[in-house]
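[1] Output the structure for:
(3 chains)
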Amino acid sequence: MSATLAPTARVSPDAQIGAGTTVGEYAVIGAGAKIGAGCAIGHGVVVHADTSVGDGVRVDDHAVLGKTPMRSLSSATTQEKQLAPLTIGDGCLIGTGAVLYRGATLGRRVLVADLATVREDVTVGDRTIVGRGVTVENQCTIGRFVKLESECYITAYSTIEDRVFIAPGVVTSNDNFVGRTEERFKHFKGVTVQRGGRVGAGSVILPGVTIGADALVAAGSVVTRDVPPRVIVLGAPARIFRDVPKEQLLDQQGWSDQV
Amino acid sequence: MSATLAPTARVSPDAQIGAGTTVGEYAVIGAGAKIGAGCAIGHGVVVHADTSVGDGVRVDDHAVLGKTPMRSLSSATTQEKQLAPLTIGDGCLIGTGAVLYRGATLGRRVLVADLATVREDVTVGDRTIVGRGVTVENQCTIGRFVKLESECYITAYSTIEDRVFIAPGVVTSNDNFVGRTEERFKHFKGVTVQRGGRVGAGSVILPGVTIGADALVAAGSVVTRDVPPRVIVLGAPARIFRDVPKEQLLDQQGWSDQV
Amino acid sequence: MSATLAPTARVSPDAQIGAGTTVGEYAVIGAGAKIGAGCAIGHGVVVHADTSVGDGVRVDDHAVLGKTPMRSLSSATTQEKQLAPLTIGDGCLIGTGAVLYRGATLGRRVLVADLATVREDVTVGDRTIVGRGVTVENQCTIGRFVKLESECYITAYSTIEDRVFIAPGVVTSNDNFVGRTEERFKHFKGVTVQRGGRVGAGSVILPGVTIGADALVAAGSVVTRDVPPRVIVLGAPARIFRDVPKEQLLDQQGWSDQV
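    Alright, predicted model coming up:
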């Protein structure tokens, strides 16, 4: 069983495409790209040079895989260097118009929904969902079984541990100096959400804040300080309200870590 | 007057395209798709199988019509089933890069702006505006003459009645259990905004909340409880401030319901 | 040194393309478009008629340049008129899937990141960054060296002066009547952020508000009234907290205005 390429697909002669994979109309697959077996590559998809895609991956129309960062002269965080090729694990789903950068690594069965962006120097763990329109900026570590819900924003230099839940519209930030002073470059720090932490819809998390394991930030909060494990905080600025109910704790869910 | 297809458009032999319709370069039109008369289909547009487009519809570059949902193993709300083809009524405008799913139905003269998403099992009424970058998740009912302004987020299982106005950046949510407990599956509930209700910029609406007819949520509020008809609420949590001024009530506008 | 066109690029016979410019697969370049020297135009890019692109510009995959506005019958702010062609200055970077409208003008070395939109009747000054997913609505003036960070929303009829910093997820608004009364058409007013003003992550700015020079709005605030120069405001509604620290003032940064 060989690959099925649409007549208009432009595939570099030295790209590799696995058995049973289909490639849509007007797709472009660059030099040195490797696409596994049993994949479905949509119409107008662009796979840039050297990108590695596992088996059984679905990539929807117009997604762009392996984009090289655009270096602005006035950006504070993008550095010049060589980036490893984008790597996408087995069984991933990549949405329409999604943009994945060179230098990102996705585990197995990750879902990156429509119009989401994952930038360079990011790892995303197995079975994680990167929701519709989500941005994961550069230099982030995203764990396994994480849910980054639609339209949330993960700032550069953040760490999101396993089983974290970030609700729609959450905004994070990493610069307490808001773009001023040379000093700020020493202090850029994203947010950390520890294992099982949860952040409610539309909340804002300030630079450098750590949200403790299994803690819960109520919707619409502004989190200015670290949150201890297993408590609920709410308000602006967010304050401790009470403990997370026992039945909502991560170890009460009976969830398997099998990918 | 027959259709005008760009030389590079890929049109399935059993697709139907109406008189006077133009199809752009590198567009892909799938099997069984029906496109009406007098339409303008942009460059790189993808129309998936069976999609039905009315007369006089403008579809801008790179829009994707009739996408099949991507089923994640760990998503809570997507169910396996057969979806009816996407249906788009006469006179609609569909923006650049917009993504409309199989299983959605758009009435007449609906505007779906650039980079917006309308998912499966959604109906959108006549003359409604789905703004730039808006997400309407699955299982929503959106009325007629509604304005969903840029970048607002409509969670799954929501009902937005006629003449509702949702301002930019509004976030809604549907899970009070924030992703934990089996119990939560019984309680998933989006938001309801009754006829003529209005929600100000950047507000956050909690799961299951109903906003009464002609009520107004002030910008930046966090709405945790139901809002009675014809009152203004504000703050976090939102509390009643005063009545909506008479001259702003829906029945004072002299608006016609003609499509 | 002539231009290098991919074999599948569709270039209008009367488009002009400068020396050393490369054009990707499945790009479409319309009648009367002028592209300068040393540019890199990605795959699937659409350049609509008459668009003018300077020298040394990078345009990433699937970007759409020179889109004509979609006129909705029920939009309050879009007017019928002739728009000048889109103009993009030397050294700009235009991201994947970005949408730039006819009637917009970009200065030199502007970065428009992935999936951002700049609408008609907008000017963007030299060296400004329009971040990922940002919307700049119609009728806005954006100064030089401005940073509009990821996912912020700039409402129609706004003025953003030089060296302003708008953090991620900021939402602005322009209609105090929230879509009701004929009266409102006389009062539509966006926001003004004066030279060096800064707005923190996730803040909401109400219609017509002016944020003074070098003032700072703390993250998560709701700004309902004008903010004086050089003060920090915070909260909902935002109130004056203290002066901006001297070391964060614009004239203390030693920044050059050289483009």
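
[2] Return the distance of stretch A:235-247 from the chain's centre.
    Centre-to-centre, stretch A:235-247 and its host chain are 27 Å apart (C-alpha atoms, centre = their mean, to the nearest Å).

[3] in it, what counts as buried?
    By 16 or more other C-beta atoms under 10 Å in any protein chain shown, the buried positions in stretch A:235-247 come out as A:Gly235, A:Ala236, A:Pro237, A:Ala238, A:Asp243, A:Val244. Every C-beta, even on glycine, is put in place using the N, C-alpha and C of the backbone.

[4] Mind picking the two most distant members of those?
    Greatest spatial distance among the buried residues of stretch A:235-247 (C-beta to C-beta): A:Ala236 and A:Asp243, at 21.1 Å.

[5] Can you name the residue of the stretch 51-200 of chain A nearest chain C?
    Chain C sits closest to A:Val171 of the stretch 51-200 of chain A, with a gap of 3.5 Å, by C-beta to the nearest C-beta.

[6] Give me the mean pLDDT for stretch A:15-30.
    Averaging pLDDT along stretch A:15-30 yields 98.

[7] swap in stretch A:55-63?
    97.

[8] Does stretch A:224-235 reach chain B?
    Yes: Stretch A:224-235 reaches chain B (C-beta under 8 Å from any C-beta of the partner chain) through A:Gly235.

[9] What lies in contact with that stretch?
    A:194, A:197, A:206, A:209-218, A:220-223, A:237-244, A:249, B:236 (C-beta atoms under 8 Å, 6 or more residues apart in numbering or on different chains).

[10] Span of that stretch from start to end?
    10 Å (C-alpha to C-alpha, to the nearest Å).

[11] Ok, stretch A:156-173 next?
    Stretch A:156-173 end-to-end distance (C-alpha to C-alpha) = 8 Å.

[12] got the buried residues for it?
    A:156-173.

[13] Return the subset of those residues lying in strands.
    Judged by DSSP state E, strands contain the following of those: A:Thr159, A:Ile160, A:Phe165, A:Ile166, A:Val171, A:Thr172.

[14] Could you dump those residues into JSON lines and include pLDDT and distance to B:Ala31?
    What follows is those, written out as JSON lines (pLDDT from 0 to 100; distance: C-beta to C-beta, whole Å):
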{"residue": "A:Thr159", "pLDDT": "98", "distance to B:Ala31": "46"}
{"residue": "A:Ile160", "pLDDT": "98", "distance to B:Ala31": "42"}
{"residue": "A:Phe165", "pLDDT": "98", "distance to B:Ala31": "40"}
{"residue": "A:Ile166", "pLDDT": "98", "distance to B:Ala31": "39"}
{"residue": "A:Val171", "pLDDT": "98", "distance to B:Ala31": "43"}
{"residue": "A:Thr172", "pLDDT": "97", "distance to B:Ala31": "44"}
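
[15] which of those lies closest to B:Gly143?
    Nearest to B:Gly143 among these, counting by C-beta to C-beta, is A:Val171 at 29.3 Å.

[16] Enumerate the residues of the stretch 101-250 of chain A near chain B.
    A:109, A:111, A:113-115, A:127, A:129, A:132-133, A:145, A:147, A:150-151, A:165, A:167-169, A:198, A:200-202, A:216, A:219-220, A:235-236, A:247-250.

[17] what about stretch A:119-132, how long is it end to end?
    15 Å.

[18] Okay, and which of the contacts of stretch A:224-235 map to strands?
    Counting by DSSP E, the contacts of stretch A:224-235 place A:Thr210, A:Ile211, A:Leu216, A:Val217, A:Val222, A:Val223, A:Arg239, A:Ile240, A:Phe241, A:Arg242, A:Asp243 in strands.

[19] What residues does chain A have near chain C?
    Counting by C-beta under 8 Å from any C-beta, the residues of chain A close to chain C are A:8, A:10, A:26, A:28, A:44, A:46, A:62, A:64, A:67, A:70-75, A:97, A:99, A:115, A:117, A:133, A:135, A:137, A:151, A:153, A:155, A:169, A:171-173, A:177-181, A:183, A:202, A:204, A:206, A:222, A:236.

[20] For ChimeraX, write a command that selects the buried ones of those residues.
    With 16+ other C-beta under 10 Å as the criterion, this ChimeraX line picks the buried residues out of these:
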select /A:8,10,26,28,44,46,62,64,67,70,72,75,97,99,115,117,133,135,137,151,153,155,169,171,172,173,177,178,179,180,181,202,204,206,222,236
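
[21] dump the residue contacts of A:Val146.
    Counting by C-beta under 8 Å, 6+ apart, A:Val146 has contacts A:Val124, A:Gly125, A:Thr128, A:Ile129, A:Ile160, A:Glu161, A:Asp162, A:Arg163, A:Val164, A:Phe165, A:Ile166.

[22] and with 6 Å instead?
    Neighbouring residues of A:Val146 by C-beta atoms under 6 Å, 6 or more residues apart in numbering or on different chains: A:Thr128, A:Ile160, A:Val164.

[23] Show me where the stretch 101-250 of chain A has its helices.
    A:184-187 (DSSP state H, counting those that start in this stretch).

[24] Low-confidence bits of the stretch 51-200 of chain A, can you list those?
    Across the stretch 51-200 of chain A, the ranges flagged by pLDDT under 70 are A:72-81.

[25] one step back: farthest pair in the ones in strands among the buried residues of stretch A:156-173?
    Using C-beta to C-beta, the pair of these lying farthest apart is A:Thr159 and A:Val171, separated by 16.8 Å.

[26] What is the nearest of the ones in strands among the contacts of stretch A:224-235 to chain C?
    Using C-beta to the nearest C-beta, the ones in strands among the contacts of stretch A:224-235 come closest to chain C at A:Val222, 3.4 Å.

[27] That concludes my questions; thank you for your assistance.
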